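Engineer: Fold the following.
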Amino acid sequence: MSDETKPVTQCNQFGCTLSAVFRFTWPGSDEAGICEAHVPKLRAICDAMGLYVQLIPIGAEREEQRE
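Structural biologist: Got it, this is the predicted structure:
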């Protein structure tokens, strides 16, 4: 499996070893994952910059495919 097709499983915050529970994309960047502990930090940064970020729960795609 190449890096481009690997599922997001690790929080992208520096030094964090927690598993990602959400995936998101910065404008112009590849998709990344973030743990629940770092979501408030991500939202605060986005609010300060005036950006909208959609947090998609990891596993939501699997639930949609089951239906």
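
Engineer: pLDDT score assigned to the residue at minimal distance from the centre of the chain?
Structural biologist: Nearest to the geometric centre of the chain sits R23, at 2.3 Å (CA atoms, centre = their mean). pLDDT, R23: 94.

Engineer: Report the contact partners of V8.
Structural biologist: Shown in contact with V8 (CB atoms under 8 Å, 6 or more residues apart in numbering): 20, 23, 31-33, 58. (C-beta placed from N, C-alpha, C; glycine too.)

Engineer: Surely A48 is in a helix?
Structural biologist: Yes - assessed by DSSP: H, G, I helix; E, B strand; the rest coil, A48 belongs to a helix.

Engineer: Number of residues surrounding it?
Structural biologist: Counted with other CB atoms under 10 Å, the neighbours of A48 add up to 8.

Engineer: which residues touch A44?
Structural biologist: Counting by CB under 8 Å, 6+ apart, A44 has no contacts.

Engineer: tell me the phi and psi of it?
Structural biologist: Main-chain torsions, A44, degrees, to the nearest 10: phi -60, psi -40.

Engineer: Check what pLDDT it gets.
Structural biologist: Confidence at A44, expressed as pLDDT, is 96.

Engineer: The closest residue to V21 other than its chain neighbours: what's it in contact with?
Structural biologist: With sequence-adjacent residues excluded and distances taken as CB to CB, 6 or more residues apart in numbering, V21 is closest to E36, at 5.1 Å. Shown in contact with E36 (CB under 8 Å, 6+ apart): 18, 21-22.

Engineer: Mind checking which of these land in helices?
Structural biologist: Using DSSP state H, no member of these sits in helices.
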